[in-house]
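Peer 1: after the sequence you'll find the predicted model.
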Amino acid sequence: MTEAPSTTPKVESSEENSSEEETFKILVTHPEVPQEALDLMSRGCKLIMCESLPPNRTEILQKAKGVHGMFWGSHIPLDKEVLDVAGPQLKSISTMSAGIDYVDVEELKKRKIPLGHTPIVLSDAVADLAMGLMLSAARRFHEGRTKIDSSTWENYHIEWMWGQDVRDSTVGFFGFGSIGQAIAKRLKGFDIERVLYTTRRPIDKKLEKQFNAQKVEFHELLGQSDFLFIAAPLTPETEGIFNSTAFPKMKKTAVLINIARGPIVNQDDLYTALKTNQIFSAGIDVMNPEPLPANDKLLTLPNIVITPHIGSATKRTRTDMATIAAHNVLRGLVGEPMLSPAY
Ligand SMILES: O=C(O)[C@H](O)CO
């Protein structure tokens, strides 16, 4: 999976009779890229490191001029302005993320610049987090903690803090790619009843069989899911699709989990749905905006569990993502197919 390009990256010198071989310059837009990836790229290439934390667009624009490759290590928009500043010699870019909603893909395609990204390798880590969010939202972990903090632990009531059972439930997936399937794999141990899903692209019949999964229409997914995972990319079609029209179609006992992108959910409508018990609870790792301000009204609700976009945040996963992104950039520089091309 992580083979280096077959050719050592070298720029063809533009000056006639130049005795010195120029090396490719790669802009690394994040100062904390794991060393393994930096070591790979610095063999034969010159790295132009950005130093700001959080990563900063101004610094990126200052350093982008004349680079041949970009290791895009943050979710800062990668757009026409960046490409114009870099110049026409730019020939290879990779993000260190699965989602590429912050990249102007059409502009890159127009300029014939290959783009790499890092899906698959993070699916297990994100699926682990999704399971945590599912269980903690279903069994009210956050609310339970606030009961302890406020000395309102009242378990002498038989009906106190009742949650939702996972066993025998119908689990829905809005998006059933690598992350959705990794979640479904984990759910096999939970004795669920069935899996429903919607996707843009049809999935292999063998996979459907493996997960006992059935493709349905969006309204059926909403109406029948006890647990509904959002695991789809953010696109113009998915933006805001979980809104005041969708929530009333869900079960009042439903638990919604979002590990994809915040703007797929209309957050004001989610607030209302939770506040008025249109759905039981939610567990979200992604929101809009990020970082979520500490005074956001979502944080006042007892029935939502929120984590700060940490789906892929383990040492092993982030290191693997960085390594794959580095290989993508290096391969793009020498005109070889990337390990995980975005198109
Ligand atoms: O898209 C992704 O890979 C995650 O959101 C982490 O960046």
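Peer 2: All right, it came through fine. Values in this document were obtained by computation on a predicted structure and should not be read as measured data.

Peer 1: tell me which residues of the helix or strand of the chain with the lowest mean pLDDT are tucked away?
Peer 2: For the chain, using mean pLDDT, DSSP states H and E, the weakest element among its helices and strands is helix 205-210, scoring a mean of 93. Along helix 205-210, these residues count as buried under the neighbour rule (16 or more other C-beta atoms under 10 Å): residue 208. Glycine gets a C-beta too; all of them are placed from N, C-alpha and C.

Peer 1: roughly how far is it from the heart of the chain?
Peer 2: Relative to its parent chain, helix 205-210 has a centroid offset of 24 Å by C-alpha atoms, centre = their mean, to the nearest Å.

Peer 1: ok, now which ones touch whatever residue of the stretch 201-343 of the chain ends up closest to the ligand?
Peer 2: The nearest approach of the stretch 201-343 of the chain to the ligand comes at residue 312, 4.7 Å away (C-beta to the nearest ligand atom). Residue 312 makes contact with 97, 98, 122, 125, 126, 318, 321 under the criterion C-beta atoms under 8 Å, 6 or more residues apart in numbering.

Peer 1: adding neighbour count and secondary structure, write these out as TSV.
Peer 2: Compiled in TSV, the contacts of residue 312 are given as follows (neighbours: other C-beta atoms under 10 Å; DSSP: H, G, I helix; E, B strand; the rest coil):
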residue	neighbour count	secondary structure
97	20	coil
98	23	coil
122	24	coil
125	21	helix
126	23	helix
318	20	helix
321	28	helix
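
Peer 1: so which elements touch the helix or strand following the least confident helix or strand of the chain?
Peer 2: For helix 205-210, the succeeding helix or strand toward the C-terminus, using DSSP states H and E, is strand 213-215. Here strand 213-215 touches strand 194-198, helix 205-210, going by 3 or more C-beta pairs under 8 Å, 6 or more residues apart in numbering; DSSP states H and E.

Peer 1: CA atoms only for the least confident helix or strand of the chain - export them in PDB, please.
Peer 2: The C-alpha trace of helix 205-210 is given here as PDB (Å, rounded to 0.1, in the frame of the first residue of the first chain):
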ATOM      1  CA  LYS A 205     -24.500  -7.400  -3.700                       C
ATOM      2  CA  LYS A 206     -22.000  -9.500  -1.700                       C
ATOM      3  CA  LEU A 207     -21.600  -6.700   0.800                       C
ATOM      4  CA  GLU A 208     -25.300  -6.300   1.100                       C
ATOM      5  CA  LYS A 209     -25.500 -10.000   1.900                       C
ATOM      6  CA  GLN A 210     -22.600  -9.800   4.300                       C
END
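
Peer 1: residue numbering should commence at 383 henceforth.
Peer 2: Right, with 383 as the first residue, what we last looked at is helix 587-592.

Peer 1: on that earlier part again, distance to the ligand added to the helices and strands packed on strand 595-597, as TSV?
Peer 2: Listed next are these as TSV, based on distance: least, C-beta to the nearest ligand atom, whole Å:
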stretch	distance to the ligand
strand 576-580	20
helix 587-592	22
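
Peer 1: okay, the ones you listed in a markdown table with distance to residue 465 next?
Peer 2: Shown next, in a markdown table, are the helices and strands packed on strand 595-597 (distance: least, C-beta to C-beta, whole Å):
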| stretch | distance to residue 465 |
| --- | --- |
| strand 576-580 | 34 |
| helix 587-592 | 37 |
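
Peer 1: looking at those, which is nearest to residue 425?
Peer 2: Taking C-beta to C-beta, helix 587-592 is the member of the helices and strands packed on strand 595-597 nearest to residue 425, at 38.4 Å.

Peer 1: list the buried residues of stretch 626-634.
Peer 2: Residues of stretch 626-634 classed as buried by neighbour count (16+ other C-beta under 10 Å): 628, 629, 632, 633.
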